[in-house]
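1. Provide a 3D model corresponding to the input given below.
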Amino acid sequence: MSQNHIEEQIELIAQHEQEFLDRRTPAERVSDMIAGFIGSLPFVAVHLVVFATWIGLNLLPHMRHFDPKPFALLQTCVAMEAILAASFILMRQARMGHRSDERDHLMLQILLLTEKELTALLGMDRQIASEMGLTGAANSPEVRDLSQETSIADVAQTIKDNLPGS
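-> This next block holds a predicted model:
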């Protein structure tokens, strides 16, 4: 495979991914940015500083404590933030799951097309081999079986029947 062909395929995949990102609504873009920030080291660092400052200010003597021990206001703020953070993360994961499903469907279509093409090629190869007097190779059980149409429904049922826990 030429380097040009590989680069074309990479560009096609990148374009496909960019189209998915471009289809997001403005709210989804903001949500993704927030979820991305939540999963970063700066987010953790900011929280460590805020929590340490909050607790420190409320433990220092001779100061007015706006949230005395056991820091009920801090607990409420953290709980509310956790709910919002979880919501942003779940929304992003749902979009990523949807994108993953799209990729899986595309891959399945490509694999089914490939299987159909290979079956046709094997059938033609068997014909060529027979015409060249290589009937033994053309009619070997393995080649004969592989050149037959594959029933996707049968394969799916066989997998379902044989997988543990099915």
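2. the lengthiest helix in the chain - what's its average pLDDT?
-> Taking residue count as the measure and DSSP state H as the definition, the longest helix of the chain comes out as helix 72-131. For helix 72-131, mean pLDDT is 93.
3. any idea how far the residue nearest the centre of the chain is from residue 93?
-> In the chain, the C-alpha nearest the mean C-alpha coordinate belongs to residue 100, at 4.0 Å (Cα atoms, centre = their mean). Here residue 100 is placed at a distance of 10 Å from residue 93 (Cβ to Cβ, to the nearest Å). C-beta: built from backbone N, CA, C; applies to glycine.
4. one step back: for the longest helix of the chain, name the packing helices and strands.
-> Packed against helix 72-131, as judged by 3 or more Cβ pairs under 8 Å, 6 or more residues apart in numbering; DSSP states H and E, are the following elements: helix 26-38, helix 41-59, helix 135-138, helix 141-146.
5. JSON lines please, covering the ones you listed and showing mean neighbour count and mean pLDDT.
-> Output for those, formatted as JSON lines (neighbours: other Cβ atoms under 10 Å; pLDDT from 0 to 100):
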{"stretch": "helix 26-38", "mean neighbour count": "14", "mean pLDDT": "94"}
{"stretch": "helix 41-59", "mean neighbour count": "12", "mean pLDDT": "96"}
{"stretch": "helix 135-138", "mean neighbour count": "13", "mean pLDDT": "82"}
{"stretch": "helix 141-146", "mean neighbour count": "11", "mean pLDDT": "83"}
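6. what's the burial count for residue 101?
-> By the measure other Cβ atoms under 10 Å, the count of residues near residue 101 is 10.
7. please shift the residue numbers so they start at 84 in all later answers.
-> Yes, from this point I'll number from 84; that puts the last item at residue 184.
8. for residue 190, see how far away it is.
-> On the measure of Cβ to Cβ, residue 184 and residue 190 end up 11 Å apart.
9. mind listing what residue 137 touches?
-> By Cβ atoms under 8 Å, 6 or more residues apart in numbering, residue 137 lies in contact with 150, 154, 157.
10. and it, how close does it get to residue 154?
-> Taking Cβ to Cβ as the criterion, residue 137 is separated from residue 154 by 7 Å.
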